[in-house]
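In: Sequence first, predicted coordinates after that:
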Amino acid sequence: MSGVDPRSVWFVVGLAPFIGSFLGVVIRRLPAGRPLVAGRSACDVCRHPLSPLDLMPVVSFLALNGRCRHCHALIDRFHLTIEIASLVLALLVCLIEPDASRRWLDCGLGWTLLTLAWIDLSTLRLPDVLTLPLLLAGLAATRWLRPDLLTDHAAAAAVGYLGFRGLALLYRRLRGREGLGAGDAKLVAALGAWVGLGALPWAIALGAGVTLLFAIARGEPRATRILPFGPGLALAGWLVWMGN
């Protein structure tokens with residue numbers, strides 16, 4: 001990390017758990033249709049309002065030994081997990097990417113994909129409110145970093161979406177049931193906007209492999225079992241982007 005401004009690194013790393021805390025709110029509230037900003041946070045059990053000291057990411061959980069300060073009920077470890085995951089992602093980016101501006105792009109993409117993966121794993125949904133802005137952000141990032149590749153990345157988004165929608169329609173015609181959701185196609189389109197035509201097939205293939213390994217690890221008993229494709233695509237897309 002020679003030549004890297006340590007202050008910019010510490011800023012990204014220090015902010016990451018707070019970003020993770022917000023991502024936790026999005027993951028829990030967005031699929032349920034609840035407002036992301038809805039008054040003061042409160043304990044899930046006793047409903048006592050939480051003070052700023054109770055809401056410090058990671059630190060509050062450890063200081064309180066994972067229990068509510070007021071009723072001593074166990075705090076859902078989901079909050080700690082998503083905060084640590086966001087922090088680990090930021091650390092990886094800072095270890096790999098020396099450029100401060102590109103570092104924020106890497107983290108922003110990673111945090112968004114982490115949110116989408118978690119929501120899909122929990123609800124089998126990939127919300128348009130996240131996938132469509134991600135697609136536009138990918139084109140904007142391409143316009144900024146490699147304007148000469150903007151047409152290629154726009155084509156990748158279109159080919160990715162149309163290709164996946166075509167596969168979904170074919171699967172439904174042959175099997176009589178849904179196999180790929182529209183959200184998967186939109187996520188593939190978003191990844192195409194970020195990585196381009198040449199790298200998109202690698203992201204899809206790696207995503208399929210990750211999903212298959214996940215199914216094997218869980219011991220899925222039947223081919224008819226519904227599996228979320230979003231987490232595999234999200235991980236693969238981020239790795240391909242980081243490898244570009």
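Out: That came through fine.
In: Break the protein into its domains for me.
Out: Domains of the chain are assigned by automatic domain parsing as 1-98, 105-244.
In: By mean pLDDT, show me the worst of those domains.
Out: Note on those: domain 1-98 shows the lowest mean pLDDT, a mean of 86.
In: how about the helices of this protein, start to end?
Out: 6-29, 59-63, 77-96, 100-123, 128-145, 150-175, 182-195, 200-218, 230-243 (DSSP state H).
In: just these: most buried one?
Out: Highest mean neighbour count of these: helix 182-195, a mean of 26 (counted as mean count of other Cβ atoms under 10 Å). C-beta: built from backbone N, CA, C; applies to glycine.
In: Now do it: which elements does it pack against?
Out: Judged by 3 or more Cβ pairs under 8 Å, 6 or more residues apart in numbering; DSSP states H and E, the packing partners of helix 182-195 are helix 100-123, helix 128-145, helix 150-175, helix 200-218, helix 230-243.
In: closest one to Val26 among those helices?
Out: Taking Cβ to Cβ, helix 100-123 is the member of the helices and strands packed on helix 182-195 nearest to Val26, at 5.6 Å.
In: May I see the helices of the chain arranged in TSV, with distance to Val45 as well?
Out: What follows is those, written out as TSV (distance: least, Cβ to Cβ, whole Å):
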stretch	distance to Val45
helix 6-29	15
helix 59-63	15
helix 77-96	14
helix 100-123	21
helix 128-145	29
helix 150-175	42
helix 182-195	33
helix 200-218	30
helix 230-243	29
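In: Among these, which comes closest to Leu53?
Out: Taking Cβ to Cβ, helix 59-63 is the member of these nearest to Leu53, at 6.6 Å.
In: Which strands or helices does that closest one pack on?
Out: So helix 59-63, by 3+ Cβ pairs under 8 Å, 6+ apart, packs with helix 77-96.
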